[in-house]
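Novice: return a 3D structure for these sequence lines:
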Amino acid sequence: MKYKKIVKKEYAVAGVIEALLLVALVSIIISTIQLVYIPEIMEEREAEHMDQVSNQFSSLKSMIDLQAITNSSAPISTMITLGSKELPYFITARSYGEVSTVDEGEYTIEILPATPTPPFSNGLPLTSIKYEAYNSYFVDQTYVLDGGGIVVKQPNGESVMRVDPSIYIENDLDIQFDLPIIVGIPGKNSTYGHGKCFVRTNWSQGGTFYFPSSTTINISTQYPNAWNESLYSILGDKVNYEKGTSYVKITRKDDDINLKVNYYYIYVQIGHGWIK
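Specialist: Residues are numbered from 1 along each chain as shown. As a prediction, this is how the structure comes out:
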């Protein structure tokens, strides 16, 4: 009779357990990176994108000011980065943005007393080019080229005038205001996405209005805090201020306000292509 001797070897079992532990360790490390570090990285990326949009809006304002100074009708394109992409190999979300023109005449600048002046019988139009961010990690922000100034606004915060409009003061209350009037082209007045888009602007003729011996300037605006702070930084204590939920009003204090408005049209096309 032959006997067989069976010897148990546990080397294979130990190898399998070691492999499982390594897989679990790698999973824990990846999960920690995904839950802790990736949101911080994405928030920083979106914050950098907001800084980039701020610089691009500054360039857009510079191009419009240059066109006004030179009276150049040649179109100039300014690039706006709408959003930022997700990180590869990790679960992340893109951010998106929208650029549009606001030129429907809802907001105006009224000067009193003044005779209604065609074609602005209901006041000078306060128009804008607006960028709205739809971020996934960083706070949403809105950048607006409003009446020649750059306004920044967050959903739960007050609006701030990042760059003042072109308002100059001479003597006591001789004020000059260079006012761009934005005109969007139907079908080319907005775009949405996460890539890059181009905002093409060209100057068109305008004119000059004089409002001597005025007592009141009423600015109907979506950003009253930004306009109020900007006007105060320019005019100081020479006038009285009143701020509401949708307007800013300045009135004479000791002397009448002599206002000169140089207005000009800026035609805006957003996106690919160009309509002549």
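Novice: quick check: beta-bridge partners of residue 263?
Specialist: Listed by DSSP bridges, the beta-bridge partners for residue 263 are residue 179, residue 207.
Novice: contacting residues around it?
Specialist: Applying Cβ atoms under 8 Å, 6 or more residues apart in numbering, we find residue 263 in contact with 124, 179, 180, 181, 206, 207, 208, 209. (Each C-beta comes from the backbone N, C-alpha and C, glycine too.)
Novice: mind redoing it with 6 Å?
Specialist: 179, 181, 206 (Cβ atoms under 6 Å, 6 or more residues apart in numbering).
Novice: so for the most centrally placed residue in the chain, what's the pLDDT?
Specialist: By Cα atoms, centre = their mean, the chain has its centre lying nearest to residue 143, at 1.3 Å. Looking at residue 143, its pLDDT stands at 97.
Novice: what secondary structure does the spatially closest residue to it that is not a sequence neighbour sit in?
Specialist: Spatial nearest neighbour of residue 143, excluding adjacent residues (Cβ to Cβ, 6 or more residues apart in numbering): residue 131 at 4.5 Å. Counting by DSSP: H, G, I helix; E, B strand; the rest coil, the backbone at residue 131 sits in strand.
Novice: same thing with residue 49?
Specialist: helix.
Novice: look at it and say how many residues are nearby.
Specialist: The tally of other residues near residue 49 (other Cβ atoms under 10 Å) stands at 22.
Novice: pretty sure it contacts residue 83?
Specialist: No - the criterion here is Cβ atoms under 6 Å, and residue 49 misses it with residue 83 at 7.2 Å.
Novice: could I get the full set of helices for the stretch 151-276 of the chain?
Specialist: Ranges of helices within the stretch 151-276 of the chain are 224-235, based on DSSP state H, counting those that start in this stretch.
Novice: now residue 97, which residues is it bridged with?
Specialist: Residues in beta-bridge contact with residue 97 (DSSP bridges): residue 133, residue 193.
Novice: just give me the neighbour total for residue 156.
Specialist: 7.
Novice: that should have said residue 107, apologies.
Specialist: Around residue 107 there are 22 other residues, counting by other Cβ under 10 Å.
Novice: sweet, I'm off.
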